[in-house]
Structures are given as structure tokens and as C-alpha cells.
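Peer 1: just coords:
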């Protein structure tokens, strides 16, 4: 998401970065480019104007008088302003103080209310809650059926009946109480902001259920109109937040930048894929970083945290840095990583990954191919890929339905990666002056206390962590090299 | 491709491990939610997906009302539809109320002689209508040139030049819906999620049936929950027959079956629904290419591939059109949801840069609210000064 906006900013800052000082003309040029980029990204016109003037004021005013690197300053200012526009901090979605947490989903037709009701229900389930979904969309044919199907998929009950939407919503509250459900998510029909009758209906629903949170579901591809829509719904319903959907498309999602600024309500959640688990809280600071080409490391870390077991991850990393990593380990890790989402998405979140790489789509098919190749190897071959000669390679290729060239490619890359990681590990070890090899064995299962000894025998070198092998990317075939990252130093110094 | 996977896996492993060293070091982990328990790191999100089939627990069943209720609902709505006057809404009437937001600019321009502010306001008005920065600048450059040549001094005249310019850019396109020489013809509907493909097919089915064509609907959206049910309800309303497959079935085979069925009963037209897909998912786009290819394996011919585009879509609409055209050779656009406050300026760029005309416009939720696109009325509505 937001690739093109990042690319654009990268282009602008690359030009500015070369200069020692930033003239007023430079600032204006940067601002013009920023304006174009933001407008093309569907950021609302008014929002662009106000962003632009705020950035200008700060860039030309006090801060530029300092002798510090002006380009860095601009990056910082733009980022801060973008973050502020996006809503500052991550919205805290906390359960109701007493009684069930009631959520009302509203929005235009086709924005994704029904699907995201289910995604939100699943999110609450992961927080240990017991949601119920109420299908008050009696307008669209089969909308309730869709909700029921989704409910079955995530094992969440669905309530609906053929009456009128307000009555369904009210009855849903009673049903939830009877079933002891503590989160009630009410899906409503899509409606246009100018349809007075339907807007009145959704207001009545809101009065009937008195929601803890009212979310407006907004399509990330929406154009200039997103703000008008959000304003109208806000007038009727007093929104608490926005759920931004279809962020996995290549729309630049200017809607996200605009809504908070104009309506004063943050983006609470973002939906980033068709699967029901592709849904998470929205982190404005991360998105701003991403817009500026600084990746989305925090999201990645959070995802990793959900998927990896501490000791397993330690073990794998230790092996990796020791050069003991086998193709079996690789396969294991790949299975884990797949749970975090499509590998292509993960790459997009890493900072500094160039556009060319981000744009390469890595589907299940490609990952499946790699798996297939490894599965076709004997365990000896997996442990020691060096022994794979011509005939073994042909056998593996036949077994996995790939070409011998692909097999060699995988093995070569694997070996190269292993070597690289070993060097990195060796470097860290030397620097810390400790032997990092042992330590880890047999520490399984002690997930709380034993993770890190004070000495940190197996501590991953900071440079390995800070950025997983970024410079090393350059050694890979066909890799265009990593652009200098604006402001990255700032970010990692925190 | 392979090397990227290798690197990604290695990077994520390091990251994953590093994470725990950090976290273990007692540095404050950022709690995503206050006051609620965090899931254990080990609990896999994917478990839920695995339970798909076993998912209908007692709890769910308890809540299921007699299923007869569900089909009952739309009938209520249908009564309303029937009650509506048969007069089709005109483009102008329907758009009139949606345009108010923008008349402010134009009113201001009309009242003055031309100055720098005029051009700024025109630019702003067009960008606000989602025409896009590049197309706007392009259009305004042409208008400015003409205005200079004609020595125009009044704002009102500039707007007339702009009107003529936009109209000429939208003119000369063939907007008729084509039928193949031999039946059945296939009209394939494609687009991103939530644009209104199924609804468009429903409306169009009713219209074509009323025109005396015999139809088969193909429920090719086998991905979205209950998409086939939704289409089936439209089929019932229109009196068209429908072919559907199981959820998760291969959409190509569903469309193929529908074409075969149409051929065997001598139907004229197959309206084929497809699952919404984001145009940047190449595997899904390949699937769509296959649907189109397989659709023509039997007796039918694909004579229209209609991209349904939500009129509220911003600049991404152009990318959508380009990508879908690459995958399935889009022959026309259906601009949906043009009622409301939508402006749909992106279609100017789609006409200009891709040469794909808008053929139909969705102006409301009723079955009769799908009408032919009228470029002049569209431009007039865009520039309405009242």
C-alpha cells in the first residue's frame, strides 16, 4: 500500500538530500511535489492545502535557520505532519465499562461492512471476547446469508430476523444478553449519505442499541468524496472511528489521510486482505513512516510476535547466525512465516526494500514451489545441500515438478544466504567477545524467565536486528541496490 | 523470485528472534489493547480457517432462524420497486442533487472576469470531481489556449469552453452493448470488491428480459460468502435462470456450464458474474483471464467485458481499468453508484488514456436505475451552475 506515494517522496528527497542548505525556493519545489503526490493519492483538497501550509510554515520558519541537515528536517516535518493528519496515535479500542461492548458498522454500499464485521468479530475473539454479529442489512439480497456464512467460518453466532432493521438491532441486543455475549457487532445496510430516509434509519438503529463504538467503513480507493461521506455520517451518528478497507490494493489511500483531519476521528482498523485474519488496528505513525519509504517494521514485529514461539525463534536465529541452518529449518520457518501473511506483504513492510522488489508478487504458488523442491530432497540433502550434484538435482527437479535451474537457484541462494548470515553472526560474536553458540540448547519451554540472560550469551547483534541484512540485499543477483533511507537513522536512534 | 523468498525468510527469522530478545529484556512492549488479555504468541490465527467446516457449532445453529425468513426479505423490497413509477430517471434529474457541492466554485467564476484565481478554482473543482491532477492540467491547458486565442475575458465563457472541451473528449465512442453473431453472447462482469457487479447484473437482467431476450445468469463469484444467493434473488426477480456452483468452485467451470446451458436451451445471452478482486493480485487476475478463455470454449462468444467501477473511486480507477484491460480486454465501463455525492471524474481519464467508454451508469438501488451513459449530460452535471 502507498507504494507510489513513498516512491514519489523518495524521489523528491533524493534531490533535496544532496544539498547542504535548503532555500525557500527548494522548500516551494518540495511542497509543489508533495501537493501533487498527495492529490494524486486522493488526499482531500482541503487537507492537502492545510498540510502544505503547515509544512511550509515549519520548514521556512524557525527550524530551517538551524545548521542541521535541512533535508532531514523536511523529512521529519513531513512525517510528523502526515502522522498528525492520519490521527496521531493508535486508537485505543477498549471494552465497555459495564455491559456488553456494542459496535455499529455503517458506510456506503460496497465499502466492506459485512466482511469487516466478521473480521472485527474475529479480532475481538483473539482478545478473548465472545462476540455476536447482528445482521441488520435487510436491504441487499443475501447480505444476512453472507454474514451467517462468515459467522460459521469464525465460529461466531449471528442473529437476524426478517423484520425491519431497527427491530433486528434491538432484538439482537436481547439475544446477545440471553447468550451471554459480551461484544455485539451490528452490520447495517450500505447507504448514501444524501439518502435522508436511510440515514434516519441508521440513526434509529444507533439509538436502539446505543453503541460503544460507531465505525464508518471506508474503502481505501475512495476519491475526494471520502471526506464528505465521513462528515455526513458523522453528523448523523457521531462516529468514533473509521475502518479502512481494501488497503491491500495499490490505491494510495489518501482517504486515510483526510478523514481524521476533517472529521476529527481516527482510523481505528485497517483491512489488508481477503482473508479474515488480514485485519488489524491502524497505526498512523507506521503508515506515515511507510509513506516516507521507511517501512512498517512495527507491524511486522507484532505479526512475528503472534506467530513465533520465543524459544523456537531464538533457536532458528542462533542456527542461522552460526551457519548451521539447514533446509529443514528453512522449511519450518517458512511455514511459520506463512502464518504471518503473504510473504510479499511482509517484504512490503520492511524498510528500504526497493520498489522493484516490493512489486514482485510472491504468491502461494511461488512459495509452494520452493516447498516442493525442498520436500523432494532427502534429509541428507536438506542438511547438506553441498552434496547435491547433477543427478540429484535432476531427481529433485523431477520430483517437485520444477526445472533443474530452479533447483540450483534455490540451493545457491540458500548457501549464499547462509554464508552471509554466518558472517553477520561471526561479526556480532566477535564484537561482543562472547561465544554465542552454546547457550541455547535445551532451554526449551521456559518462555518467561529464561529468555535472556543478563549476559545475553546468544544476543543477536544489534546490527543484525536493526535491519535484517539490508546491505546484503545488494549482493543478490539483479538487485538494484538500496536507496539511502531518509530519516532512518533518526528512527533507529530512538 | 526464489531468492526473494529465501531472503525474506531469513530476514523474518532474525526479526522474530530479535524481537524476543528485545521483549525479554523487559523493554515495554507496546500493548495493542488496554485492559484486555493478549493472545498467547503460540495461538495460531489460522486455526480458525481450519475449522471452517466444523465451524457451525451448536451456538450458531441455535441462533439460526427458520431459513424461510431470509428469502422473505427481498420480496418486501420488490413490492416497493414495482410500486415505483415506470418512468426511467433521466441522467440529469438524478445527478442534479449530487452536484451541489461544486457549484460554489463555478458560481464564483461565472460572476467574474478571468484572472489567475479563475484557473485555480477550475483546477480545484476538477480535482475535487476526481478528474485527477494530470488530466485536469491537460484539460485546462487546452481550455486556456482556446481562451487566449478567442480573447475571452468572462468567466462564464471559460466555463463554456471547458464544457465543450470535456464533451469533445468524451465524444466519438461507441457505447452500445454488443451481441455476438451467433448466440449465446456472453457479457462478463469484472471489477474490484464491492463495486456492485452482482447488483449491476441483476438490474441488467431485468432490463434485458423486458426487452425480450432470454438470459442465463452465471454465478461466477464463488468466493464471497452468499454471492450466489444474492444473484439468485436477482434472477428470481427478473425471471432469468441461473447456474451456480458450490462455494469455492472453479469460476471458469461455472461460467462454462452456464454457457452450455444457455446454448442447449437456445438462450440469447449469458451474464457472467465474477468475484471481486483487486487488480494488483496477479494470481486472481490470471484466474480471470482463464474465466474469459474458458467461457469461449463452448458455443458462446464473449462480446462484452464490462468493468464495474464505483463512481466514488479516486485516481486508482485508472489503474483498475488498465489492469483489468490487460487481463481480460475490457470493452466498457459500468459506472456504478453515480447517485449520491459521487462525481466519477476519473472516467475522463479512462476514456482519454485507455480509450474505454463508459456504457452504463448505475443511479440507484432500484432495478430500473441502470441507464445508458450520456456524456453530454454527465459533463453538464459536472459543470452545473445553478
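Peer 2: Great, that's in hand. It should be emphasised that the depicted structure is a prediction, and the values quoted were computed from it without experimental measurement.
Peer 1: use CA for all of it now, contacts and neighbours both
Peer 2: Fine.
Peer 1: is it true that residue A:419 touches residue A:323?
Peer 2: Yes: using CA atoms under 8 Å, residue A:419 makes contact with residue A:323 at a distance of 6.6 Å.
Peer 1: and those two? which has more neighbours close in?
Peer 2: residue A:323 (20 against 17; other CA atoms under 10 Å in any protein chain shown).
Peer 1: measure the more buried one to chain B for me?
Peer 2: 12 Å (CA to the nearest CA, to the nearest Å).
Peer 1: would you mind measuring from that residue to residue A:376?
Peer 2: Separation of residue A:323 from residue A:376 (CA to CA, to the nearest Å): 23 Å.
Peer 1: run through the chain and note the low-pLDDT ranges.
Peer 2: Since no chain was named, I'll use chain A. In the predicted model, chain A carries pLDDT under 70 at residues A:1-22, A:61-73, A:75, A:251-252, A:286-306, A:310, A:348-363, A:426-494.
Peer 1: ah, no, chain B please
Peer 2: If you take pLDDT under 70 as the line, chain B has these spans: B:1-4, B:12-103, B:340-342, B:385-386.
Peer 1: domain-wise, how is it divided?
Peer 2: Chain B breaks down by automatic domain parsing into domains covering B:92-170, B:185-330.
Peer 1: okay, these in CSV with distance to chain A next?
Peer 2: Shown next, in CSV, are the domains of chain B (distance: least, CA to the nearest CA, whole Å):
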stretch, distance to chain A
domain B:92-170, 6
domain B:185-330, 3
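Peer 1: would you turn those into a markdown table with mean neighbour count?
Peer 2: As requested, those are arranged in a markdown table below (neighbours: other CA atoms under 10 Å in any protein chain shown):
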| stretch | mean neighbour count |
| --- | --- |
| domain B:92-170 | 18 |
| domain B:185-330 | 22 |
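Peer 1: so what's residue B:241 bridging to?
Peer 2: residue B:216 (DSSP bridges).
Peer 1: all strands of chain A, in order?
Peer 2: When assigned using DSSP state E, the strands of chain A occupy the ranges A:101-107, A:131-136, A:158-159, A:183-188, A:213-219, A:241-245, A:267-271, A:279-281.
Peer 1: closest one to residue B:331 among these?
Peer 2: Residue B:331 sits nearest to strand A:213-219 of all the strands of chain A, at 25.3 Å, using CA to CA.
Peer 1: I'd say residue A:149 and residue B:223 touch.
Peer 2: No: with contact defined as CA under 8 Å, residue A:149 does not reach residue B:223; the gap is 11.5 Å.
Peer 1: and the residue of the stretch 1-150 of chain A nearest chain B?
Peer 2: Among all residues of the stretch 1-150 of chain A, residue A:110 sits closest to chain B, at 3.8 Å; criterion: CA to the nearest CA.
Peer 1: figure out which of the domains of chain B is closest to residue A:180.
Peer 2: domain B:185-330 (26.7 Å).
Peer 1: near chain B at all, stretch A:44-63?
Peer 2: Yes: using CA under 8 Å from any CA of the partner chain, stretch A:44-63 reaches chain B at A:44-45.
Peer 1: please enumerate residues in contact with that stretch?
Peer 2: Residues outside stretch A:44-63 that contact it (CA atoms under 8 Å, 6 or more residues apart in numbering or on different chains): A:24, A:27-28, A:31, A:34-35, A:38-39, A:64, A:73-74, A:77-78, A:81-82, A:85, A:223-227, A:254-255, A:257-258, A:261-262, B:124, B:127-128.
Peer 1: so who does residue B:245 touch?
Peer 2: Counted by CA under 8 Å, 6+ apart, residue B:245 has contacts B:219-220, B:222, B:251, B:254.
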